[in-house]
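Peer 1: No letters, just coordinates:
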Ligand SMILES: [Fe+2]
């Protein structure tokens, strides 16, 4: 077997694994639940599913394979920029059996094209070189799984399927039993120390090799003053004290019960676990918490420099202790790195650059473990809380 055919086989397997995970997520649901609008800021799941397949058709079948679309103009209803989330259920999108057939048909064609293309390191098309476009599609499906999980928090009685737990998909209540070693750090009360990061030059961003999104490049050097970053994200227990002290809004899915709080996601009522990271808070709330605690949010450069310094000291390669449980809001606006070049399309990152969106770092319990890397930049509007967002505090070094 040639190197290229074995890497094609590996790509085929990873595409299949991503699709299995998508189907496992929706397995407990019926068609009515797939089509239902649960929130004006989240798409019905049927739209996500059709969009996953349509994005695959657009890139792996039409762009790379030069084939005609299966359903004519259908693609425009799955364009995330053209169709705001509030309007997606009114679109003539595919539903039910037709939707499932489309997912399968696109996949079959994508695998046919994969057989034909050159994905070697010296392929002339940068989209195909080292399988970039396939990595992009796998990551895209993983990321839509996370968006789907945001909506699934609103589905009464939903339980995260067992099979997902081995690939980094746990419900918040199950975090302490995570098998992955990055979750074995002690709760904050037993590890109150902060990590010190020396001032000076720090390398930020993804290197030129390997898969990363355009917004993570190019790698560049930043000058940072010495700072400290907490060894753990802010916990539910700490956040409850902040809410009680300041009358701040509790996080999404918290409700008062007696003297304490219960977590109401998926229609359950479970006491919040004080030692776990707080989740579902907005940027404004995260910022207010940090100031209340006498600290501040780290910049995204500080976050990444801290993560890289932990990894360089022989720590977890993903970086900061506790990272990968909740997305961590940073103080930074989502802007282009110096020398940024849009690739492979402007709508991935470039149209979002500016001061409207704030950067989140780290990854959440719902993020596929394959997608965790210190350079990964997530972004959202500062008022959003349906995402799996928490925070970690920092301060200038004393
Ligand atoms: Fe998408």
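Peer 2: That came through fine. Source: prediction; values computed, not measured.
Peer 1: roughly how far apart are residue 135 and residue 36?
Peer 2: 33 Å (C-beta to C-beta, to the nearest Å). C-betas here are computed from N, CA, C, even on glycine.
Peer 1: Just confirm residue 201 is within a strand.
Peer 2: Yes. Applying DSSP: H, G, I helix; E, B strand; the rest coil, one finds residue 201 inside a strand.
Peer 1: Count residues in the vicinity of the spatially closest residue to it that is not a sequence neighbour, would you?
Peer 2: Of all residues not flanking residue 201 in the chain, residue 221 sits nearest, at 5.0 Å (C-beta to C-beta, 6 or more residues apart in numbering). Residues lying near residue 221 (other C-beta atoms under 10 Å) number 11.
Peer 1: right, and the helix or strand after the strand or helix carrying residue 221?
Peer 2: If you go by DSSP states H and E, residue 221 is part of strand 220-224. From strand 220-224 onward toward the C-terminus, using DSSP H and E, the following helix or strand is strand 227-230.
Peer 1: State the paired neighbours of that following strand in the sheet, together with their directions.
Peer 2: strand 194-197 (antiparallel), strand 394-396 (antiparallel) (DSSP bridges).
Peer 1: contacts for the longest strand belonging to the chain?
Peer 2: Of all segments of type strand in the chain, defined using DSSP state E, the longest is strand 327-333. Contact with strand 327-333 is made by 233, 281, 283, 286-287, 296-303, 354-364, 367, 378, 387-392, as judged by C-beta atoms under 8 Å, 6 or more residues apart in numbering.
Peer 1: quick one: average confidence on that strand?
Peer 2: Strand 327-333 comes out with an average pLDDT of 98.
Peer 1: Which elements pack onto the next helix or strand after it?
Peer 2: The helix or strand immediately downstream of strand 327-333 is strand 358-361, counting by DSSP H and E. The helices and strands touching strand 358-361, judged by 3 or more C-beta pairs under 8 Å, 6 or more residues apart in numbering; DSSP states H and E, are helix 300-312, strand 327-333, strand 378-380.
Peer 1: who does strand 358-361 pair up with?
Peer 2: Partners of strand 358-361 in its sheet, by DSSP bridges: strand 327-333 (antiparallel), strand 378-380 (antiparallel).
Peer 1: Residue 82: which of these is closest?
Peer 2: Of all the strands paired with strand 358-361, it is strand 378-380 that lies closest to residue 82, at 19.5 Å by C-beta to C-beta.
Peer 1: that older thread, just the buried members of the contacts of strand 327-333?
Peer 2: 233, 281, 283, 286-287, 296-303, 357-364, 367, 378, 387-392 (16 or more other C-beta atoms under 10 Å).
Peer 1: What is the neighbour count of residue 84?
Peer 2: Neighbours of residue 84 (other C-beta under 10 Å): 11.
Peer 1: make that residue 338, sorry
Peer 2: Residue 338 has 10 neighbours, counted by other C-beta under 10 Å.
Peer 1: For the remainder of this discussion, apply numbering that starts at 50.
Peer 2: That works, and once the first residue is 50, the last one we named lands at residue 387.
Peer 1: Now it. Its backbone dihedrals?
Peer 2: As for residue 387, its main-chain torsions (degrees, to the nearest 10) stand at phi -60, psi 130.
Peer 1: That one contacts residue 269, doesn't it?
Peer 2: Yes. Contact criterion C-beta atoms under 8 Å: residue 387 and residue 269 qualify, at 5.7 Å.
Peer 1: Show me where the stretch 250-399 of the chain dips below the pLDDT cut-off.
Peer 2: 364-367 (pLDDT under 70).
Peer 1: one step back: any shared contact partners between residue 387 and residue 269?
Peer 2: What both residue 387 and residue 269 touch, as defined by C-beta under 8 Å, 6+ apart, is an empty set.
Peer 1: what about residue 187, helix or strand, and which?
Peer 2: Going by DSSP H and E, residue 187 is part of helix 181-201.
Peer 1: if we can go back for a sec, just say which of the strands paired with strand 407-410 is most tucked in.
Peer 2: strand 376-382 (a mean of 25; mean count of other C-beta atoms under 10 Å).
Peer 1: Against which helices or strands is the longest helix along the chain packed?
Peer 2: Longest helix of the chain, by residue count under DSSP state H: helix 52-75. With contacts defined as 3+ C-beta pairs under 8 Å, 6+ apart, the packing partners of helix 52-75 are helix 94-105, helix 145-165, helix 181-201.
Peer 1: need the contact list for residue 326.
Peer 2: For residue 326, the contacting residues are 224, 281, 282, 283, 284, 285, 371, 374, 375, 439, by C-beta under 8 Å, 6+ apart.
Peer 1: ok, and the most crowded of those?
Peer 2: Most surrounded of those: other C-beta under 10 Å gives residue 375, at 30 neighbours.
Peer 1: Give me the nearest residue to it, chain neighbours excluded.
Peer 2: residue 439 (3.4 Å).
Peer 1: Residue 264 against residue 392, yeah?
Peer 2: No. In this structure, residue 264 is not within contact of residue 392 by C-beta under 8 Å, at 9.9 Å.
Peer 1: Tell me which of those two has more neighbours.
Peer 2: Neighbours were counted for residue 264 and for residue 392 using other C-beta under 10 Å; residue 264 has more, 25 against 17.
Peer 1: Report the secondary structure state of that one.
Peer 2: Reduced to three states by three-state DSSP, residue 264 is helix.
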